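Q: quick check, what structure comes out for this input:
(one chain, ligands or ions: 1)
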Amino acid sequence: MASPQRDSLAPLSIDPICRIEFGPGHIDRLPELITTTGRHRAFVVTDRGLRAAGVVERVLKILDSGGIEYAVHDEVAPNPSTGDVDAGARRARAFGPAAVVALGGGSVLDAAKGISLLVGNPDAVAADAGRLWEAADGLPLIAIPTTSGTGAETNGFGVIEDAGACRKVYLGHPSVKPRIALLDPELTLGLPAPATAATGIDALVHGIESLASRGANPVSVAYATQAVTMVSGALPTAYRDGSDLDARAALMLGAHLAGQALTLSGLGLVHGIGHALTAHTGTPHGVALAAVLEEVMVFSAPAARDAYEQVGRAMRRTPPADGDWARATVQAVREISGTLDVKRPLRELGADRGMLPAIAAGAVADAVTKNAPLLPSEAEVLEILTRVY
Ligand SMILES: NC(=O)c1ccc[n+]([C@@H]2O[C@H](COP(=O)([O-])OP(=O)(O)OC[C@H]3O[C@@H](n4cnc5c(N)ncnc54)[C@H](O)[C@@H]3O)[C@@H](O)[C@H]2O)c1
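A: So this is what the prediction gives:
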């Protein structure tokens, strides 16, 4: 069965993409980019890991020399919670009018979107996520990703953990879609190999799930195909030699294109399971995706043959002698995952068997799963989870 929408000429309505500034050393342009938002002060959202890696200090020096007044909020936790967003918003409100500069991985970018939105809505808290989609505008946002993975710089929502409810909520608004994505691969040179692997697999999954998504369309397919080529080509090199700037650059641009693709098409079951697994065990996002990627592809293959052929061709695989592209593509993905040493059984990720039914239920209920090429039942997801336990 082919995915019906991906080649169709059905009407499309696509917002223009945000301004992209890509290139080694482009971070030096940050002061002038801030002024293009109409603001001359910056509220910098980041995390402690970026401080320790020296990335924050580099960027603050640039703001100092550009004469930009700033405040720094560096208390965003990985997989940020509604509490993290509320704490950041309190500080941003106290700082006053500014552009929000999000400097970090997907966790920081997502939290910064929520913080920006809450500043525009003084009485709101992050737990109001459901009603904030209709709220007043947030502060203008500049996104500076320091991982090559999530593509969070391409959209106006954050995936935020509602710790009380043990689930992820989508906190966003069109106004907090970043005005500018500043993509400087030099900022990723110090990302350790395991984090390069986990975040890079996230980008690869975005390309694969976007191509197989029910929401795929000719524009998303174009982005996703190029993304799979760039990410699958550069990721093993960037993992092996983190100082290879060309590989870092290709990976960063590929991850960004994958983000553009997912924003247009939606994703699928790998992300549905990944979100639920992270909510229950705290597993880093990319590691959670890697745990089930090939097994979900095998499950989905009957409804995603064309898409998986396109993935395999984009990965520059030679056509399989038996014509079975789905099998060959799953094998190609398994090889990359093996090279990166990123796949772990669920029992090593803090999941106990008793949790699996709740993870399966969470995956099926997650909004991201509705674009899966083959819609799963809870029993089918439980079977996948048991296989990788
Ligand atoms: N909004 C979206 O479209 C979207 C899409 C996918 C995932 N996400 C979310 O993104 C989050 C995951 O983001 P992530 O995978 O980028 O990881 P992350 O932001 O959680 O960062 C992981 C760790 O890497 C460190 N780090 C980041 N950049 C570094 C650098 N250059 N050098 C050294 N250390 C660095 C951080 O300090 C942190 O400790 C999850 O919460 C996930 O739900 C959002």
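Q: and the helix or strand hosting residue 21, what does it pack against?
A: The secondary structure element spanning residue 21 is strand 19-22 (assigned by DSSP states H and E). Contacts defined by 3 or more C-beta pairs under 8 Å, 6 or more residues apart in numbering; DSSP states H and E place strand 19-22 against strand 180-183, helix 245-265. Just so you know, the C-beta spots here come from the backbone N, C-alpha and C atoms, and that holds for glycine as well.
Q: check which element follows the last one along the chain.
A: It refers to helix 245-265. Tracing the chain past helix 245-265, the next element assigned as helix or strand by DSSP H and E is helix 269-281.
Q: next: the first one.
A: Past strand 180-183, heading to the C-terminal end, the next element that is a helix or strand (DSSP H and E) is helix 193-212.
Q: so that following helix, near the ligand or not?
A: Yes: where contact is defined by C-beta under 6 Å from any ligand atom, part of helix 193-212 touches the ligand, namely 195, 199, 202.
Q: by neighbours, which of those residues wins?
A: Highest neighbour count within the residues of helix 193-212 next to the ligand: residue 202, with 31 neighbours (other C-beta atoms under 10 Å).
Q: can you get me a residue count around the closest residue to residue 389 other than its chain neighbours?
A: Spatial nearest neighbour of residue 389, excluding adjacent residues (C-beta to C-beta, 6 or more residues apart in numbering): residue 346 at 4.8 Å. Neighbour count of residue 346, defined by other C-beta under 10 Å: 25.
Q: ok, residue 346 to the ligand distance?
A: Spatial separation of residue 346 from the ligand under the definition C-beta to the nearest ligand atom, to the nearest Å is 18 Å.
Q: check contacts around that residue.
A: Taking C-beta atoms under 8 Å, 6 or more residues apart in numbering as the definition of contact, the neighbours of residue 346 are 277, 291, 356, 385, 388-389.
Q: and for the most centrally placed residue in the chain, nearest residue in space, chain neighbours not counted?
A: Nearest to the mean C-alpha position of the chain, counting by C-alpha atoms, centre = their mean, stands residue 150 at 1.9 Å. Leaving aside its sequence neighbours, residue 150 sits nearest to residue 106 (C-beta to C-beta, 6+ apart; 3.1 Å).
Q: give me the number of residues near that neighbour?
A: Other residues within reach of residue 106 by the criterion other C-beta under 10 Å amount to 26.
Q: doesn't residue 146 make contact with it?
A: No: in this structure residue 106 lies outside contact range of residue 146 using C-beta atoms under 8 Å: 9.9 Å.
Q: picking up where we left off before, how confident is the prediction for the residue nearest to residue 150, by pLDDT?
A: At residue 106 the predicted local distance difference test score is 96.
Q: residue contacts, it?
A: By C-beta under 8 Å, 6+ apart, residue 106 lies in contact with 145, 147, 149-150, 152, 159, 199, 202, 285.
Q: again with residue 230
A: By C-beta under 8 Å, 6+ apart, residue 230 lies in contact with 250-251, 253-254, 257.
Q: swap in 7 Å and give it another go.
A: For residue 230, the contacting residues are 250, 253-254, 257, taking C-beta atoms under 7 Å, 6 or more residues apart in numbering as the criterion.
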